[in-house]
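Student: Return atomic coordinates for the entry below.
(one chain, ligands or ions: 2)
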Amino acid sequence: MQLFEKLIDYYEAARLVLENTPRLPVVRVSLMESQGLALAEDARAKFDSPPFDNSAVDGYALRSADAETGRVFRVVDEAPAGRPARKKVGEGEAVKIFTGGLIPEGADAVVMVENTSGWGEEFELKKATASGNNLRHAGEDVRKGDVILRAGTELGPPEIALAATQGYGDLPVYRRPRVVILSTGTELVEPGRRDLARGEIFDSNSFALFAQAREAGAEVRRITAASDDAEVLRAAMEEALASADVVVTSGGVSVGEKDLVKETLLELGVEQVFWGIKLKPGKPVFFGTRENARFFGLPGNPVSAMVCFELFVRPVLIRMMGREDKRRPRVKVHFDEDVENRLGRMHAMRVNLYRTVKGWRAESVGAQGSGLVSSLTKADALALIGPESEGVRAGEPVEAIVLREEVLF
Ligand code: AMP
Ligand code: MG
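Tutor: Ligands and ions are numbered 1, 2, ... in the order given. Take a look at the predicted model:
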């Protein structure tokens, strides 16, 4: 079993994972599937929208020149939405019209039925109107040829609506990454299946990582290789690598005799970019590539696995989708007391954030052991401490990655 040759620092590792991450290919997806994805090309208006002058109200279309209060009009036709009138509007005439109905030839204004004597074959106008009243003009929303959505835009409900008004049935987007999550370890038992025997634990990492990957927008599959056996690992990894853009394993990547993940990967042709980061939690992280697939070997300790996902895997997934706008917010925080870090590694410390007149104050959630799953349920942010200095002084600014954006509001 190999020992770490050289640990790199967090910023170097964060740079290397992104440098080795291309965007995923552009695919066309239906409007319903496009939500949350980034548009890959500018979308232009194919025609003026709305495409025709239409009524903004229910009432009568008429000639504004005739529209004196008290005049009686003859109703010659009707124009509900989607059914244009066949007749033109002449002097003293009107067409019954409903919201969205095409303005008939000859008419230049619409009066609301509330301003007339009511529905019928004739009506009396109760209130004069001017040209253009209650009309929605062709092209008043967008003009033919306009860029309506810029490349890179996140497709949310309003963007999807706008694309639909222009007849786009599908849109070019960067596709979702396909992620395979693989837990390793002989001690692991699938939750809900049976009780634990002595020495066993439930696999929590694959569920955590599955949820994290899905939350980042990926299409995720999970596999459990409840084993540290080289053959079992090899088969599971082979399967994962064949179908995934990103494979994320947990466990078996450190320097224990049973830690065979890295060796197995190298045997399968994964090229190592780095193994080992000056980071707590998460020292043994492995990152490698094989053709278009990216491979993360995360540590087994649940907090390490989740924190390292946040720090390295999430940025990769959102970059693949062209969604760098989804990066976690980073804020400057300070502690009320000195915080030591003599590890020679950066400490990504789980903290709570409090708004104060002096900015964001951070406070450790408590014990920072990397097996304490409950600690992450309490954390608002990860404060990045050291390793250049041996900690931070009270009041000194420190960068923190905000995990729960709600705390900022
Ligand atoms: P390892 O990185 O394989 O040495 O594992 C480090 C610690 O994490 C050990 O206590 C493992 O039992 C635990 N661990 C490994 N995999 C998982 C998992 N999928 N779920 C929960 N704990 C795990
Ligand atoms: Mg293990």
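
Student: low-confidence ranges in the stretch 151-300 of the chain?
Tutor: Judged against pLDDT under 70, the stretch 151-300 of the chain has no low-scoring part.

Student: so where does M237 fall, helix or strand?
Tutor: For M237, the element it lies in under DSSP states H and E is helix 230-243.

Student: Show me the contact partners of that helix.
Tutor: 178, 180, 182, 184, 221, 223, 225, 227, 247, 249, 252, 260-261, 263-265, 267-268, 270, 290, 293, 295 (CB atoms under 8 Å, 6 or more residues apart in numbering). From N, CA and C alone the C-beta is placed, and that goes for glycine too.

Student: Buried residues in it, which are they?
Tutor: Applying a neighbour-count criterion of 16 or more other CB atoms under 10 Å, one finds 232-234, 236-237, 239-241 buried in helix 230-243.

Student: Enumerate the residues of the chain near ligand 1.
Tutor: Residues of the chain found near ligand 1 (CB under 6 Å from any ligand atom) are 183, 185, 187-188, 201, 203-206, 250-252, 254, 256, 299-302.

Student: From those, which land in strands?
Tutor: Taking DSSP state E as the definition of strands, the residues of the chain next to ligand 1 contribute 183, 188, 201, 250.

Student: doesn't G199 make contact with the second one?
Tutor: Right, the one you point to is L188. No. Applying CB atoms under 8 Å, one finds L188 not in contact with G199, separated by 11.1 Å.

Student: When those two are compared, which one has more neighbours?
Tutor: Set L188 next to G199 and count neighbours by other CB atoms under 10 Å: L188 wins out with 23 against 7.

Student: ok, what's across the strand from that one?
Tutor: Residues in a beta bridge with L188, per DSSP bridges, are I201.

Student: Begin at 9, not 1, for the rest of this chat.
Tutor: Noted, 9 is the first residue going forward, which turns the last one into L196.

Student: hey, where'd the strands end up in the stretch 259-408 of the chain?
Tutor: 279-283, 287-288, 294-298, 301-306, 338-342, 347-348, 354-364, 367-372, 389-393, 399-400, 406-410 (DSSP state E, counting those that start in this stretch).

Student: Mind listing residues that contact the fourth one?
Tutor: Spelled out, that is strand 301-306. For strand 301-306, the external contacting residues (CB under 8 Å, 6+ apart) are 25, 28-29, 213, 217, 249, 252-258, 260-261, 269-270, 273, 278, 283, 290, 292-297, 312-313, 316-317, 320-321, 324.

Student: Return only those of these found close to ligand 2.
Tutor: G260 (CB under 5 Å from the ion).

Student: residue contacts, the closest residue to ligand 2 within the stretch 309-417 of the chain?
Tutor: Going by CB to the ion, ligand 2 is nearest to N309 of the stretch 309-417 of the chain, at 9.6 Å. N309 makes contacts with 289, 378-379, as judged by CB under 8 Å, 6+ apart.
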